[in-house]
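Q: Below are the sequence and a predicted model; questions follow.
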Amino acid sequence: MKGRWTNDDRLARPGDWHYVSAMTRSDLPVTDPLTDPLALAQALIRAPSVTPRDEGALDTLQAALTRLGFACQRMPFGEVDNLYARLGTADPVFCFAGHTDVVPAGREEAWSAGPFAGEVHGEALIGRGAVDMKGAIAAFTAACARYLANGTPNGSIAFLITGDEEGPAINGTKKMLEALEQKGERLSHCLVGEPANRAVLGDMVKIGRRGSLNGVITVTGRQGHAAYPDKAINPIPALLALLTALTARKLDDGNDHFQPSNLEVTSVDVGNPAHNVIPGEARAKFNIRFNTEQTGKALKTWIKQEIAKVQEGFAGSISADLTVTGDAFQTPEGPFTALLSEAIAHETGIVPELSTSGGTSDARFIKNYAPVAEFGLVGASMHQIDEQTPVADIQKLTDIYHHILQRYFEVFA
């Protein structure tokens, strides 16, 4: 049954908007305040939702989705709030995923507009989250409003929105998906609104991500006087030997979809201000970004083997804290990726590159439940002072998302 939004004062106070069935009020003019994403993007930016605070961002989104007919449920875990919304009960379920949390603004006086003012200067919307990724959330909501103005889907539309993507990512998407699975919720396909484009809207879709492993190596010896090394155990040579072994290995050459894996030492520290003291402890941090030629489990095994080699003959001890924040994955090219490419090309005239470049995102959790891809705004200014996006890009992104919704239920329903 079709319906529409109205602010007709016969039904509500002026300025209030209510959804009315076309069957009950067919005489009213069709108008939908949610089909323009700019106002919603501004409202979301004005909620200073720096991880893990929400500051009303999810309330704003939930109000908009409720007005569109979505059934909304909040899913808090720890100090993080999250939102799951669904319209429809049938398969297939097309899910839009993303986050309302943002990184800190930095020096607010350096911004040309208040980082949480959501102001339009010239032709650009400026504010923390404009690109990453409140602008995309607003575009998807507006696309849903436009789609629903012409009927309901032959299936379901869902929103999976977390407040913990920019933070530890412990109490967000991962726990939401686990809880939803326990309730019997299933997603058919998922599109994450991360700013995947490099230079212009339409130039890239992310269909996979490299894995990431963080390592902290601690070598413990015995502190002593530098003039009496026989009475001390210097941890530094052992640490250097281990780092040399780790960095000397060429992990792989990459493959058709991924660049070569790389290990980067990011910190070496002994905390020793003195020249004549052998420190009692030395520590190093490193990160491995790896492709599908590797697994987090196999990399952990290799690192532990190298530690064991250095430990032989060393009188001190070596420990390692190894954390895999996500394994590498790739969504196979097929009908879903073809649909995304066709919609983007139709609306922009650009055939996007299907890429696996960049860092990690919450797609690393979603890929265990449904095929997933990422497409949002241009990411050039994300996390920077004066994060911004052309208003025209938000409008065009809405057109793309609307096209995707139209085609999705034709192809997969």
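A: In hand now; what should we look at?
Q: where's residue 315 relative to residue 372, distance?
A: According to Cβ to Cβ, to the nearest Å, residue 315 and residue 372 sit 49 Å apart. The C-beta positions use only the backbone N, C-alpha and C, and glycine is treated the same way.
Q: Tell me which of the two has more neighbours.
A: Each of residue 315 and residue 372 has its neighbours counted (other Cβ atoms under 10 Å); residue 372 has more, 27 against 10.
Q: quick one, helices of the chain?
A: 37-45, 57-67, 134-148, 173-182, 236-248, 296-311, 335-348, 363-366, 391-411 (DSSP state H).
Q: Let me have those in CSV, extended by distance to residue 381.
A: Below are the helices of the chain laid out as CSV (distance: least, Cβ to Cβ, whole Å):
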stretch, distance to residue 381
helix 37-45, 13
helix 57-67, 20
helix 134-148, 11
helix 173-182, 24
helix 236-248, 33
helix 296-311, 32
helix 335-348, 19
helix 363-366, 21
helix 391-411, 12
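Q: right, so these: which one is the most enclosed?
A: Comparing the helices of the chain by mean neighbour count (mean count of other Cβ atoms under 10 Å), helix 134-148 comes out on top with a mean of 27.
Q: helices or strands next to it in the packing?
A: Contact partners of helix 134-148 among helices and strands, from 3 or more Cβ pairs under 8 Å, 6 or more residues apart in numbering; DSSP states H and E: helix 37-45, helix 57-67, strand 93-99, strand 156-162, helix 391-411.
Q: now it, how far from the centre of its chain.
A: In terms of Cα atoms, centre = their mean, to the nearest Å, the centre of helix 134-148 is set 18 Å apart from its chain centre.
Q: so what are the domain limits for this structure?
A: Per automatic domain parsing, the structural domains of the chain span 32-209+328-411, 211-326.
Q: follow-up on the earlier one: so which of the helices and strands packed on helix 134-148 gets nearest residue 118?
A: Comparison of the helices and strands packed on helix 134-148 against residue 118 by Cβ to Cβ identifies helix 37-45 as nearest, at 3.6 Å.
Q: angle of that closest one against helix 57-67?
A: When axes from the mean of the first three to the mean of the last three Cα atoms, to 10 degrees is applied, the directions of helix 37-45 and helix 57-67 differ by 140 degrees.
Q: State the mean pLDDT of helix 37-45.
A: Averaged over helix 37-45, pLDDT sits at 95.
Q: tell me the angle it makes with helix 391-411.
A: 100 degrees.
Q: okay, the angle between helix 37-45 and helix 134-148?
A: 140 degrees.
Q: for helix 37-45, packing partners?
A: Packing partners of helix 37-45 (3+ Cβ pairs under 8 Å, 6+ apart): helix 57-67, strand 119-121, strand 124-126, helix 134-148, helix 391-411.
Q: got JSON lines for the ones you listed, with mean pLDDT and distance to residue 342 too?
A: Formatted as JSON lines, these follow (pLDDT from 0 to 100; distance: least, Cβ to Cβ, whole Å):
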{"stretch": "helix 57-67", "mean pLDDT": "96", "distance to residue 342": "27"}
{"stretch": "strand 119-121", "mean pLDDT": "96", "distance to residue 342": "31"}
{"stretch": "strand 124-126", "mean pLDDT": "97", "distance to residue 342": "28"}
{"stretch": "helix 134-148", "mean pLDDT": "97", "distance to residue 342": "16"}
{"stretch": "helix 391-411", "mean pLDDT": "97", "distance to residue 342": "7"}
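Q: Out of the ones you listed, the one nearest residue 358 is which?
A: Going by Cβ to Cβ, the one of the helices and strands packed on helix 37-45 nearest residue 358 is helix 134-148, 15.6 Å.
Q: Specify the angle between that closest one and strand 93-99 in degrees.
A: Angle between the axes of helix 134-148 and strand 93-99 is 160 degrees (criterion: the same axes, to 10 degrees).
Q: Just want the angle from helix 134-148 to strand 156-162.
A: Using the same axes, to 10 degrees, the direction of helix 134-148 lies 170 degrees away from that of strand 156-162.
Q: CA atoms only for helix 134-148, dumped as PDB, please.
A: Extracted C-alpha coordinates of helix 134-148, given in PDB (Å, rounded to 0.1, in the frame of the first residue of the first chain):
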ATOM      1  CA  LYS A 134      27.100  10.500   8.400                       C
ATOM      2  CA  GLY A 135      26.700  11.900   4.900                       C
ATOM      3  CA  ALA A 136      26.300   8.300   3.600                       C
ATOM      4  CA  ILE A 137      23.800   7.400   6.300                       C
ATOM      5  CA  ALA A 138      21.700  10.400   5.400                       C
ATOM      6  CA  ALA A 139      21.900   9.500   1.700                       C
ATOM      7  CA  PHE A 140      20.800   6.000   2.300                       C
ATOM      8  CA  THR A 141      17.800   7.100   4.500                       C
ATOM      9  CA  ALA A 142      16.800   9.500   1.700                       C
ATOM     10  CA  ALA A 143      17.100   6.800  -0.900                       C
ATOM     11  CA  CYS A 144      14.800   4.600   1.200                       C
ATOM     12  CA  ALA A 145      12.300   7.400   1.500                       C
ATOM     13  CA  ARG A 146      12.300   7.800  -2.300                       C
ATOM     14  CA  TYR A 147      12.000   4.100  -2.900                       C
ATOM     15  CA  LEU A 148       9.200   3.600  -0.400                       C
END
